[in-house]
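# Using only what follows, build the 3D model:
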Amino acid sequence: MKTKIDNKSIWTIAYPIILGSVAQNIISVTDTAFLGHLSETALGAAAIATIFYFAIVMFVWGFGLGTQIIIARRVGEQNYKMVGKTLIHAFYFLMIVGIFLLGFMKIQSPSLLKWMVSSDGIYQASNDYISVRAWGILFACVNLLFRAFFIGIAKTKVISWSTAFMAIINVFFDYGLIFGNFGLPEMGIKGAALASVIAEFTAMVFFIFYTLRKVPLAHYDLLRFCKVDWPLFKRLLNVSFPIMIQNFLSLSCWFIFFIMVERMGEHELAISNIVRSIYVLLMVPVWAFGSAVNTLVSQVIGEGFPDKVMLVVWRTVKLSFLSVLSIVGVLIFFPDLIISIYTDDALLIEHARPVVYVVFVAALLFPIAITLFDGISGTGRTFHAMLLEVFVLVFYLGGVYLTTQVLNASITQVWYSEYFYAILMGTVSFLYLKYGKWRGSVV
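All right, here's what the predicted structure looks like:
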């Protein structure tokens with residue numbers, strides 16, 4: 001067996017993704033922090049608009065993840081020439097979808113936000129953000145393809161470099177365009193959106209130059225345009241489409257979560273946006289090790305060792321849990337200091353503190369749940385993974401609706417829904433990997 005599945009090998013794949021994700025989340029943190037000091041309305045609108053945008057992006061992210069699984073399978077089979085052919089077919093699809101989604105956001109976002117958001121101030125600011133941020137989706141599509149390629153071949157260091165560069169660009173333009181510094185126009189929340197678009201464009205340019213200079217293009221038959229291979233295209237869709245729907249539904253449900261919170265009040269929404277930013281940072285190792293387990297599971301199956309899948313999954317669970325535990329173990333002693341990065345409002349800090357403690361505990365449950373779930377996707381049974389996600393989300397949204405709209409619970413109690421989601425997701429994923437019919441899957 002060529003694929004190494006010891007702790008060091010798993011960590012080697014995951015840690016550059018973690019570094020890259022940390023840099024990616026610097027973008028989220030700086031956006032939230034700068035806008036939090038701009039106004040409470042801007043802070044709340046950023047939550048709505050950002051999750052709305054990423055719910056759309058998760059649709060194409062799912063296709064990128066499916067591409068990654070197929071590339072990893074071809075690498076496991078040592079069929080390297082098919083890697084480039086797979087990637088270019090993914091490019092054809094994502095460019096068409098990206099243009100469609102750009103048009104959708106430009107045309108339909110105002111009416112959708114108007115229908116969903118009750119506060120006029122939040123609606124206007126959210127719409128201002130999306131009107132600019134939508135242009136970044138084309139660059140995001142290309143970046144997702146490069147990410148799928150490098151994770152699929154288990155060469156992930158470039159992801160941390162590109163994302164660090166992206167974060168630096170974003171912080172510079174955030175500070176300049178939100179407040180009108182460095183001689184740039186003062187654009188407020190639109191400035192945050194434009195800074196993110198510029199950052200995504202620079203990351204794309206970085207990926208292109210790095211690939212041309214450092215990757216053996218002939219070995220992977222990379223960046224060669226070719227006629228459409230319809231059986232290959234169908235295989236891509238069969239693996240990727242369920243992940244696209246699954247990711248879209250997952251982020252859409254979180255968007256609905258914030259819409260329900262917005263109806264509780266702008267104060268509760270501002271608290272939740274601060275908590276969201278902290279929560280996402282805690283989840284960075286979880287998602288990174290999830291990407292690693294996707295690749296490794298697909299590769300060991302491609303090499304003909306399906307019995308090694310659970311060994312890969314449990315070793316990854318352990319590393320993911322220890323990584324999150326080390327972060328929570330430090331941050332749990334300084335909640336007010338962390339919250340004060342986003343706001344200097346004493347009341348907001350006081351009310352956000354108990355919610356932050358809730359997500360500290362929730363973050364320790366997700367290394368188990370997400371790694372098990374991503375292990376299912378790595379087997380190629382992405383349709384079954386989608387069905388499991390839908391099952392969990394139905395109960396999750398039901399609980400959120402009950403606490404926010406029926407029981408009139410506090411914002412702290414509403415966030416306890418994350419415990420329910422993680423426990424249910426982990427349970428159904430474990431049962432599927434133990435008893436489900438995933439062996440023999442072809443991608």
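# what's around K437, how many residues?
K437 is flanked by 9 other residues according to other C-beta atoms under 10 Å. Bear in mind the C-beta positions are built from the backbone N, C-alpha and C, glycine included.
# Just the CA atoms of stretch 277-289, as PDB, please.
Extracted in PDB, the C-alpha atoms of stretch 277-289 (Å, rounded to 0.1, in the frame of the first residue of the first chain):
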ATOM      1  CA  SER A 277     -16.800  34.200  13.600                       C
ATOM      2  CA  ILE A 278     -15.300  32.600  16.700                       C
ATOM      3  CA  TYR A 279     -17.000  29.300  16.000                       C
ATOM      4  CA  VAL A 280     -15.700  29.100  12.500                       C
ATOM      5  CA  LEU A 281     -12.200  29.700  13.700                       C
ATOM      6  CA  LEU A 282     -12.600  26.800  16.200                       C
ATOM      7  CA  MET A 283     -13.800  24.600  13.300                       C
ATOM      8  CA  VAL A 284     -10.700  25.200  11.100                       C
ATOM      9  CA  PRO A 285      -8.900  22.000  12.200                       C
ATOM     10  CA  VAL A 286     -12.200  20.000  11.900                       C
ATOM     11  CA  TRP A 287     -12.700  21.000   8.200                       C
ATOM     12  CA  ALA A 288      -9.000  20.500   7.400                       C
ATOM     13  CA  PHE A 289      -8.900  17.000   8.800                       C
END
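# what about that stretch, average pLDDT?
For stretch 277-289, mean pLDDT rounds to 84.
# With stretch 155-166 instead?
85.
# can you check stretch 191-204 too?
Rounded mean pLDDT across stretch 191-204 is 92.
# With stretch 292-301 instead?
Mean per-residue pLDDT for stretch 292-301: 84.
# now what about it, what contacts it?
Here stretch 292-301 makes contact (C-beta atoms under 8 Å, 6 or more residues apart in numbering) with 1, 3, 5, 9-10, 13-14, 17, 65, 68-70, 72-73, 75-76, 151-152, 154, 306, 308-309, 312-313, 316, 371, 374-375, 377-380, 441, 443.
# Filter those residues down to just the buried residues.
Neighbour counting with 16 or more other C-beta atoms under 10 Å marks 3, 5, 9-10, 13-14, 17, 65, 68-70, 72-73, 75-76, 151-152, 154, 306, 308-309, 312-313, 316, 371, 374-375, 377-380, 441, 443 as buried within these.
# Can you verify my assumption that L94 contacts R147?
No - taking contacts as C-beta atoms under 8 Å, L94 lies outside contact range of R147: 11.9 Å.
# Just the contacts of stretch 292-301: which are in helices?
Among the contacts of stretch 292-301, the ones falling in helices (DSSP state H) are 9-10, 13-14, 17, 65, 68-70, 72-73, 75-76, 151-152, 309, 312-313, 316, 371, 374-375, 377-378.
# returning to that earlier point: what's the overlap in contacts for L94 and R147?
G64.
# What's the mean pLDDT across the host helix or strand of A422?
Per DSSP states H and E, A422 falls inside helix 417-435. What helix 417-435 shows for mean pLDDT is 93.
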